[in-house]
Each structure stands twice: as structure tokens, then as C-alpha cells.
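Colleague: would you be able to build a 3D model of this:
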Amino acid sequence: MHKDRTVESPLAACAEYLVSENRNSDLPVAERLKIQKKTFYGKVLGRLFFFHWPGALLFLLFSIPRRERVRQYRGMVLADHSSRVIDHALAMAWGRDYKNEREQFATSRASLAGVYLALLRRRGYLKEAFQAANVQHVTEYIRLVRLFHFYLVWKAWFKKNRPTAVLIARTNDQNRLALGVVAQEEGVPLGAFTVARVTLQRQLPFSVHTAFCWTSRQARDYKAAGVSAVRMPVPVLKNSKLPVPEPGKGRYGLLLNAKIDTAKLDAWLEELFRLQGIDNLHIRPHPGFNEEKLSRISRGKICDWRQPLSEYLEELDLAFAVNSHAVIDALLHGIPVVYLGGLDPYEYDLHGYVKDGIVIPWEEVKEFPASVDAFYSSRGFRERWNTDEFETSPRAEQEAVKELAGGSLR
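Modeller: Residues are numbered from 1 along each chain as shown. Prediction:
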């Protein structure tokens, strides 16, 4: 009996998706490679790229002993993002019960023998997915082999611990993508939580039963693709805090992303001090960012990224921000935002907030903070900043999660 080659496997579809996303990334390839090669696995796979598939197989053999961790709540597996989008959403929907019952990073019970057995049984399947991806660059190779590593770990874990549902943060992280593939193969319902606050994203390469979104526009996009979608409850929805206090009288913050250029940031902070006399910005690194890279920053106070974003924002009167989804969080908290371009490798106004007219760019601030006050108190801003797009009630999310966990979608 011959295998039908016209039917693409879930892993092959995911491999092609991952490589395609790598090629279409806003982050330049050279910059991505520099980031990858700072890690141990990046250095190793960079050398193994010459051997192509045999090199990938060799890496998988020796990477298996690394133990991964699994987080669970009421029988569901949670694969969150560093911004804790799932954690915050479930905490708002389930309150104290969620905080008391969730399992904090329980050690994976996938035995090494089980993972090796998965590799032995599925090496041909992996090779087919590898070939389908048509890898052409080392950055694609590194991400793809990492996808296969996590796929094997999750495959072995599911054999011993079948969850009622899977909840993942919607990003291109190889661990979460591999979990999505295995959930589809094992017939476990999956919910995807959107990390992007307002932008629309490409559909995931595996079955999504329910999409949890920030805006009604995102929900409509998922529903048009045949996916059930509900809006997540936002933490708060406030009017803009105006007027902005003068320098020295207010508390200003700075929201960074994971790719911030620290040298350019330091130069901008010096410029801010020279022009406005501001040297006490409360700087929030991207979650998980290596704070040692910010140790040479000459001005400002580096905050702990582990502090919940909502708590950090509640203390601010104004926020400066680079390309970051957290801009929307700040606006929801009523915090005026000044956008800073050119401090990271991404294109200017990556998320379109300046184009949409909901943030003022630094280069248009002629008088500080009067220009910021004028922008956020204008009728035009109030018309463009559509708060009706956001949901504050957790009821829809509660019902959707109950349906997933209850197994009615199987």
C-alpha cells in the first residue's frame, strides 16, 4: 500500500510555515543569525548546517537529554509567552481558583527513553518534513531543527500524559508550534491566545479550535477563516491621563522590546537629557531580556520586567516606547505614548500605530509635553482610538475555555 504523497503531514505543513515566516520576517537575516549564534544550540547547529539532514539527526540525538517543563491547569497544558498573555487572561477569567490550582512549571514526565523511541519511530517522518521545508539558510535550519526537538519531546509526553486541552500563546516560538502539531495529531483541542494587540496575523499551520483575541477585528478575521473566536478581557480601559506633568514632576516610563540596540538607546537617553533635562526614566526591559546588556546605560532606572505590566503602567504619567505591542496596553491604561523609531532593527512604525494616528512620534513633539497634551486631547485621536474594539468582560473567555477543557470539541 503506497502512501498518498498529496496529503501533507501536520509537521511538514508547520516546517514550511516556519521557514516561510523566517524569510518574511521584519528582522534582517544577519541580525537573526547574530542572535541565534549567541546561544549554545545556535553555535552547534551553525556548524552542523553543512551536513544538512544528517547533521540535524545528530543534533536531535544529543539534544534529547535536555528536560523541558510543562505548565498545567485543570488538566490543560499551557504554553505561555514571556508577556504572560495566557496567565493574565485566565487569572481575570477564573480569579483565585486559577492562581490556587495552576501547576507552576511541573517537571516534564516525558522519559528520555520515550523521546528516543519517538525519534527512532518517526525519523522518516521528520526527514520528509525537513525536505518539504526546502531549507536554504542557516537561520532556517536552526529554527527547523529546534522545532523537531520540541516535537519529539511533546510526542513522548503526550503518550503518558494526555491533556484535556492545549492553550498556546500565538507566536512562532518553535516549542509552541511543535505543541500545536502534536495536539492536532493526537486529537486534543487547542486554543490560541493572540499576543499581537491589534494587528492581524497569518493563520497557524495546524488546527485551532478557538482563537482568543484582543479586538473584534481580529475575531472577525478568525471567524472568516472558519475558526471560533472570542475576545479576551483587557485588564483596564481608562481615559487619557492629561495633562502630562512637566519634567521632574511626573513619572515617565520607557517600554523596550527584545531587539533594542543598547548603544542607540544610550545615545537617545543622552539626547533626551540634553533637550529636556530628563534623566530618571523608568525603563522596562522586554520580558526575559538579559539585563546585563543594559548595565552600561548612563541614564534612567532599569525596572524589573517580572513586575506585571499593568502594575508598571499604573504608576506612569507618560510612556516612551519603541516597536512594541505594549503600546496598546499603555493606551488602555490611559497613558499617553511617544513613539521612538530607529532604536531597534525593525522597520519604522512596525505595528502601524503612528500611521493609524493613535500615538505621536518623537520627531513631531515640538514642545514637550505640550505637543503630547494637544495630540491626546484632540478630537481626531478620540475618533481614531476605538475602545469599542476591546472587551472587558471575561464571560466569553470562561465559556470558551470550559468548552475546550470539557472535551466537547473532540
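Colleague: buried ones in stretch 222-231?
Modeller: For stretch 222-231, the neighbour count (16 or more other CB atoms under 10 Å) marks Tyr222, Val227, Ser228, Ala229, Val230, Arg231 as buried. The way it works is simple: take the backbone N, C-alpha and C, and place the C-beta from them, glycine included.
Colleague: strands of this protein, start to end?
Modeller: All strands of the chain, identified by DSSP state E, fall at 69-73, 76-79, 103-107, 165-170, 190-194, 210-213, 228-231, 252-255, 282-284, 301-302, 318-321, 337-339, 360-361.
Colleague: those: lowest mean pLDDT?
Modeller: Mean pLDDT values for those show the minimum at strand 103-107, a mean of 54.
Colleague: Leu177: what's it in contact with?
Modeller: By CB atoms under 8 Å, 6 or more residues apart in numbering, Leu177 lies in contact with Cys14, Tyr17, Leu18, Leu147, Phe150, Leu204, Pro205, Phe206.
Colleague: switch to 10 Å and redo it
Modeller: 11, 14-15, 17-18, 21, 79, 143, 146-147, 150-151, 168, 171, 204-206 (CB atoms under 10 Å, 6 or more residues apart in numbering).
Colleague: any quick PyMOL command for the buried ones out of the residues you listed?
Modeller: With 16+ other CB under 10 Å as the criterion, this PyMOL line picks the buried residues out of these:
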select buried, resi 11+14+15+17+18+79+143+146+147+150+151+168+171+204+205+206
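Colleague: sort out for me which of the contacts of Leu177 are in helices.
Modeller: Leu11, Cys14, Ala15, Tyr17, Leu18, Glu21, Arg143, Arg146, Leu147, Phe150, Tyr151 (DSSP state H).
Colleague: looking at those, which is nearest Pro308?
Modeller: Minimum distance to Pro308 across the ones in helices among the contacts of Leu177 is 27.6 Å, recorded for Phe150 (CB to CB).
Colleague: please convert the strands of the chain to CSV, extending it with distance to Ala30.
Modeller: Shown next, in CSV, are the strands of the chain (distance: least, CB to CB, whole Å):
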stretch, distance to Ala30
strand 69-73, 32
strand 76-79, 29
strand 103-107, 34
strand 165-170, 27
strand 190-194, 29
strand 210-213, 33
strand 228-231, 37
strand 252-255, 26
strand 282-284, 27
strand 301-302, 28
strand 318-321, 25
strand 337-339, 25
strand 360-361, 27
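Colleague: check the buried residues of stretch 222-231 and tell me the two furthest apart.
Modeller: Val227 and Arg231 (13.6 Å).
Colleague: where does the stretch 1-150 of the chain have low pLDDT?
Modeller: 1-7, 26, 65-67, 103-110 (pLDDT under 70).
Colleague: try 90
Modeller: 1-8, 22-41, 61-75, 81-118, 120 (pLDDT under 90).
Colleague: quick one: contacts for the nearest residue to Arg102 once chain neighbours are set aside?
Modeller: The shortest distance from Arg102 to any non-neighbouring residue, by CB to CB, 6 or more residues apart in numbering, is to Tyr73 (4.3 Å). Counting by CB under 10 Å, 6+ apart, Tyr73 touches 86-87, 90, 94, 97-99, 101-103, 163, 165, 167, 401, 405.
Colleague: and Tyr73, bridged to which residues?
Modeller: On the basis of DSSP bridges, Tyr73 is bridged to Met76.
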